[in-house]
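In: Sharing a model that was predicted from the sequence below.
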Number of protein chains: 2
Amino acid sequence: MSSLDALIDALKRLPGVGQKSAQRMAFHLLQHDRAAMQGLAQALRAAGEDIKHCQRCHTFSETELCRVCADPDRDARLLCVVESPADQAALERTASYRGYYFVLLGRLSPLDGIGTRDIGVTELLARALEGVEEVILATSFTAEGEATAHVLAEALRARGIRSTRLARGVPVGSELEYVDLSTIAHALVDRR
Amino acid sequence: MSSLDALIDALKRLPGVGQKSAQRMAFHLLQHDRAAMQGLAQALRAAGEDIKHCQRCHTFSETELCRVCADPDRDARLLCVVESPADQAALERTASYRGYYFVLLGRLSPLDGIGTRDIGVTELLARALEGVEEVILATSFTAEGEATAHVLAEALRARGIRSTRLARGVPVGSELEYVDLSTIAHALVDRR
């Protein structure tokens, strides 16, 4: 295989990139931006070597503890459970949460053979017993995310730890007409 | 800057990739496909080192002459002028052209300061005088591509070399209703 075909194949492994986009990217880099090509190669290599998981919350981190876990000024009574480092990053960007996190790195999916052990439920329960007063379950509002939240809520309740779920409702900026009915129904039930 | 931010920034240099896509790509690679990450780094590095330009037609090539230029069985009377290696690759994929190519690596764009010298017109004229009987101008059907074709056609005519242009018309598989008017007008004029 030529280096060009190898590059196109490698670009196709990126999410959302098909044959056409990969070709366009390869030709663009080769013709117009060889510097970006070397920069990306370097960034990929560095990220692969430097980025590990935080020992405490399991999000991506270049240090043993991530920036959040290493911050003693956060509220140790709150623990927010998310599915992925991307979700954790999204919550951090809102700047409206001051507690700590626990990243499951997955969600329950019996059909794919992903059970409670694979998403670190035991570790989560141990972590929750370290003085946490409220566990906020911020898994996705998909069938699998809801199932994960349900299982975690049960396990936490059995150990006497309170858990809450992110509010469901109408997204900010949306017109009711275009919001799906199940979301409107939930927003109606949870009205305040 | 952290390795994660550096990776996201590097991915943003890819055409069609913004902040959100770059984040999604970075998180996906880190969480689900570290092998693809190393593979892409390697492919980028190899491509940057291996892929040069063909000395004869200027397309991308890992050898001094590209596969097409090195093939003695092609029709030396035909020379097809394209703007970029991507255009040349598209024409090759049609498997309906048996001549040689000349890749301009650009198109005339006076506003951007790209003149006849930058797109290798002198080299093209020299190449066309090596026994070529017909130069097919396959530059884009944009304002700049049309201007480039016009200038090249004039220069070739002054040297007694015949040039033709790709046919304009209705794309295969399209319904007339959705084809733009200027294309329909051209298809009408060039009807056969």
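Out: That came through, no problem.
In: so what pLDDT did A:A43 get?
Out: pLDDT, A:A43: 95.
In: Tell me which residues of the helix or strand encompassing it come out buried.
Out: Assessed by DSSP states H and E, A:A43 sits inside helix A:34-50. For helix A:34-50, the neighbour count (16 or more other CB atoms under 10 Å in any protein chain shown) marks A:36-48, A:50 as buried. Any C-beta I mention is one placed from the backbone N, CA and C, and that applies to glycine too.
In: my guess is A:F141 meets A:G169, correct?
Out: No. When contacts are counted by CB atoms under 8 Å, A:F141 is not listed as touching A:G169 (10.5 Å).
In: hmm, back to that, direction included, what does the helix or strand following the helix holding A:A43 pair against?
Out: Downstream of helix A:34-50, the first helix or strand assigned by DSSP H and E is strand A:52-53. Its sheet considered, strand A:52-53 pairs with strand A:60-61 (antiparallel) by DSSP bridges.
In: Just give me how far the following helix or strand past the strand it pairs with sits from the chain centre.
Out: Per DSSP H and E, strand A:60-61 leads on to strand A:75-82 as the next helix or strand towards the C-terminus. On the basis of CA atoms, centre = their mean, to the nearest Å, strand A:75-82 sits 15 Å off its chain's mean C-alpha point.
In: As PDB, could you dump the C-alpha coordinates of strand A:75-82?
Out: This file holds the C-alpha atoms of strand A:75-82, laid out as PDB (Å, rounded to 0.1, in the frame of the first residue of the first chain):
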ATOM      1  CA  ASP A  75     -17.000  20.300  47.700                       C
ATOM      2  CA  ALA A  76     -16.200  16.800  48.900                       C
ATOM      3  CA  ARG A  77     -19.800  16.100  49.800                       C
ATOM      4  CA  LEU A  78     -20.800  16.000  46.100                       C
ATOM      5  CA  LEU A  79     -19.800  13.300  43.600                       C
ATOM      6  CA  CYS A  80     -21.000  13.500  40.000                       C
ATOM      7  CA  VAL A  81     -21.100  10.200  38.000                       C
ATOM      8  CA  VAL A  82     -20.600  10.500  34.200                       C
END
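In: Quick one: check the next helix or strand after it for contact with chain B.
Out: Using DSSP H and E, the next helix or strand after strand A:75-82 towards the C-terminus is helix A:85-94. Yes. Helix A:85-94 lies within reach of chain B by CB under 8 Å from any CB of the partner chain, at A:P85, A:A86, A:A89.
In: list the contacts for the first one?
Out: When contacts are counted by CB atoms under 8 Å, 6 or more residues apart in numbering or on different chains, A:P85 is found next to A:T59, A:F60, A:V103, A:L105, B:F27, B:L30, B:Q31.
In: mind redoing it with 6 Å?
Out: Contacts for A:P85 (CB atoms under 6 Å, 6 or more residues apart in numbering or on different chains) come out as A:T59, A:F60, A:V103.
In: ok, and what's touching stretch A:113-121?
Out: Against stretch A:113-121 from outside (CB under 6 Å, 6+ apart): A:L104, A:G106.
In: Just checking the distance from it to the centre of its chain.
Out: Chain-centre distance of stretch A:113-121: 16 Å, with CA atoms, centre = their mean.
In: Can you tell me how far the residue nearest to the spatial centre of chain A is from B:T122?
Out: Among the residues of chain A, the one closest to the centroid is A:S84, at 2.2 Å (CA atoms, centre = their mean). As for A:S84, its distance to B:T122 is 56 Å (criterion: CB to CB, to the nearest Å).
In: Could you give me the buried positions within the helix or strand of chain A at the bottom of the mean pLDDT ranking?
Out: Each helix and strand of chain A was given a mean pLDDT (mean pLDDT, DSSP states H and E); the minimum falls on helix A:181-189 at a mean of 84. Neighbour-count burial for helix A:181-189 flags A:T183, A:H186, A:A187 (criterion: 16+ other CB under 10 Å).
In: Unless I misread the structure, A:S163 falls within a strand.
Out: Yes. Membership of A:S163 in a strand is supported by DSSP: H, G, I helix; E, B strand; the rest coil.
In: my read: it touches A:L156, true?
Out: Yes. With contacts defined as CB atoms under 6 Å, A:S163 counts as touching A:L156 at a distance of 4.6 Å.
In: residues shared between the contacts of the two?
Out: A:V135.
In: More neighbours: those two, which one.
Out: Ranked by neighbour count (other CB atoms under 10 Å in any protein chain shown), A:S163 and A:L156 place A:L156 first, with 23 against 19.
In: Do you know the pLDDT at that one?
Out: A:L156 carries a pLDDT value of 93.
In: Just say helix, strand or coil for it.
Out: State at A:L156, reduced to three classes by three-state DSSP: helix.
In: For the closest residue to A:H58 other than its chain neighbours, grab the count of nearby residues.
Out: In space, and not counting its chain neighbours, A:H58 is closest to A:V103: 4.3 Å by CB to CB, 6 or more residues apart in numbering or on different chains. As a burial measure, A:V103 scores 26 neighbours (other CB under 10 Å).
In: got a list of what A:V103 touches?
Out: Contact partners of A:V103, counting by CB under 6 Å, 6+ apart, are A:C57, A:H58, A:T59, A:V82, A:P85, A:Q88.
In: Phi, psi for it please.
Out: When read as degrees, to the nearest 10, the backbone of A:V103 gives phi -100, psi 120.
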